[in-house]
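Engineer: sequence and predicted structure, then a few things I'm wondering about:
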Amino acid sequence: MSTAFRLTATTALAVLATPISAADGDLIVFDYAGFELPEFHSAYVDAHGASPEFTFFGDEEEAFQKMVSGFRPDVSHVCAGSVTKWVASGLLEPWDTSRIPAFADLNADLTGQDVTEGTGNTYFIPLDFGSTGIAYNMDEVPAEDVASLDVFRNPKYAQRITLPDNVDDAYALAYLATGTTDWTTATDAQFEAASAWLREVHSNLRTYWTDPAELAQLLAMGEVLVAWAWNETLPTMTEEGFPIGYQQEAAEGSSLWLCGYVNLAEGQGSEDKAYDFMNAMLDPSSTRPLLEAGYGHSNAAAMAQISAEELASVGLGEVNAPVLAQLPMSKELREKQSATFERIKAGF
């Protein structure tokens, strides 16, 4: 997921909302809109008779600032790129993985990443992941045009292209397009090359999309023909009968995002229920509901039961091209990327 926002509703729904009704007030979960669905944590509902209390944020910087200002949820969703900043802030306490039975079943490629800044503690439990690739209108865009990420610079599609209003996804694209596949080791020169590429592409854009609903509308109405998009766009638009193509194997590659949950150090709710919630989200009963929403599940044992055809149908099939994983980066690089991206969007 990426670090700004993984929404299944409009941005208007993603602002801080009132808690959902009939909620278990012993646990407050700070989350992206759409992740409150009971089927994602059915084992928790079975155990406690209700879902936790959910409140929502629109992007992770908003969530961070709200918590720094004194809001105290018990558990929060966050994407991997933000974890080092949250750990450094002192907002988090480590998870006790001995209380998470499914931890041993999680995808080692996801749990093996260092998101603890050398502390030796587990602050981040991966939950959902997905891909970011080229979504395009197959009736208007020939397959050869999306064989390279150069499509975003192609004057043929000027003002018919959109990128996410999301610093991590935007820089993932720019790094790939300029030959970098691991941003955790990005040099100043590689950062500058990626930034220059984004500046060039900026003039070719129709807009920056802010949530999947907006992107779907832009594609459906023909305002845009090519988009850097999350994989959930594929099943959503396919279900609507739209001629959607999803290219993950451009010559330069595609991106993988990863999100999960952190345990807040000063939460006032039940610590036992925090673990019950985490275990419910990791339970195999959550795998198919998450997949139907377009999210891969970190429980590798459960995902092994899903056919390759089903995974491909939601844009999570095997990729034979470079992949830039949106892993945690240094706080300094993330802040530099965020500041530069805002300037690029403003035309500088």
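Structural biologist: Okay, I see it.
Engineer: mind listing the helices for the stretch 201-348 of the chain?
Structural biologist: 212-220, 233-239, 271-282, 287-292, 300-303, 308-313, 331-345 (DSSP state H, counting those that start in this stretch).
Engineer: can you give me the buried ones in the longest one?
Structural biologist: Okay, so that is helix 331-345. 331, 333, 334, 336, 337, 338, 340, 341, 344, 345 (16 or more other CB atoms under 10 Å). Bear in mind the C-beta positions are built from the backbone N, C-alpha and C, glycine included.
Engineer: packing partners of it?
Structural biologist: In terms of contacts (3 or more CB pairs under 8 Å, 6 or more residues apart in numbering; DSSP states H and E), helix 331-345 is packed against helix 83-89, helix 167-177, helix 188-202.
Engineer: go again using 10 Å as the cut-off
Structural biologist: In this structure, helix 331-345 packs against helix 83-89, helix 167-177, helix 188-202, strand 205-209, with contacts taken as 3 or more CB pairs under 10 Å, 6 or more residues apart in numbering; DSSP states H and E.
Engineer: name the helices or strands packed onto the second one?
Structural biologist: Spelled out, that is helix 167-177. Against helix 167-177 (3+ CB pairs under 10 Å, 6+ apart) you get strand 125-137, strand 161-164, helix 188-202, strand 226-230, strand 254-264, strand 323-325, helix 331-345.
Engineer: got the angle for the third one vs helix 167-177?
Structural biologist: Between the axis of helix 188-202 and that of helix 167-177 there is an angle of 100 degrees, by axes from the mean of the first three to the mean of the last three CA atoms, to 10 degrees.
Engineer: returning to that earlier point: most tightly packed of the helices of the stretch 201-348 of the chain?
Structural biologist: helix 271-282 (a mean of 21; mean count of other CB atoms under 10 Å).
Engineer: quick revisit: lowest-confidence stretch among the helices and strands packed on helix 331-345?
Structural biologist: Lowest mean pLDDT within those: helix 83-89, a mean of 90.
Engineer: returning to that earlier point: export the helices of the stretch 201-348 of the chain as CSV, with columns for distance to residue 139 and mean pLDDT.
Structural biologist: Below are the helices of the stretch 201-348 of the chain laid out as CSV (distance: least, CB to CB, whole Å; pLDDT from 0 to 100):
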stretch, distance to residue 139, mean pLDDT
helix 212-220, 11, 94
helix 233-239, 12, 91
helix 271-282, 39, 98
helix 287-292, 26, 95
helix 300-303, 33, 95
helix 308-313, 20, 93
helix 331-345, 30, 93
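Engineer: I'd like to know which of those is closest to residue 252.
Structural biologist: Closest to residue 252 of the helices of the stretch 201-348 of the chain, according to CB to CB: helix 331-345, at 18.6 Å.
Engineer: distance to residue 284 for the helices and strands packed on helix 167-177 - can I get that in CSV?
Structural biologist: As requested, these are exported to CSV (distance: least, CB to CB, whole Å):
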stretch, distance to residue 284
strand 125-137, 13
strand 161-164, 31
helix 188-202, 39
strand 226-230, 24
strand 254-264, 17
strand 323-325, 24
helix 331-345, 33
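Engineer: wait, which of those is closest to residue 78?
Structural biologist: That would be strand 254-264 among the helices and strands packed on helix 167-177, by CB to CB, at 5.5 Å.
Engineer: mind exporting the C-alpha coordinates of the closest one to PDB?
Structural biologist: Extracted in PDB, the C-alpha atoms of strand 254-264 (Å, rounded to 0.1, in the frame of the first residue of the first chain):
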ATOM      1  CA  SER A 254       6.400  -2.200 -11.700                       C
ATOM      2  CA  SER A 255       6.100  -1.600  -7.900                       C
ATOM      3  CA  LEU A 256       5.000  -3.500  -4.900                       C
ATOM      4  CA  TRP A 257       3.500  -1.800  -1.900                       C
ATOM      5  CA  LEU A 258       3.200  -3.200   1.600                       C
ATOM      6  CA  CYS A 259       1.100  -2.000   4.600                       C
ATOM      7  CA  GLY A 260       0.300  -3.400   8.000                       C
ATOM      8  CA  TYR A 261      -0.400  -2.600  11.700                       C
ATOM      9  CA  VAL A 262       1.500  -0.900  14.500                       C
ATOM     10  CA  ASN A 263       0.900  -0.900  18.200                       C
ATOM     11  CA  LEU A 264       0.500   2.500  19.800                       C
END
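Engineer: that one pairs with which strands, and in what direction?
Structural biologist: strand 75-79 (antiparallel), strand 92-93 (antiparallel), strand 125-137 (antiparallel), strand 323-325 (parallel) (DSSP bridges).
Engineer: tell me which of the ones you listed sits nearest to residue 167.
Structural biologist: Here strand 75-79 is closest among those (CB to CB), at 11.1 Å.
Engineer: what number of residues lie near the residue nearest to residue 250 when sequence neighbours are not counted?
Structural biologist: Residue nearest to residue 250 in three dimensions, not counting chain neighbours: residue 149, with 5.2 Å by CB to CB, 6 or more residues apart in numbering. A total of 23 residues lie near residue 149 under the criterion other CB atoms under 10 Å.
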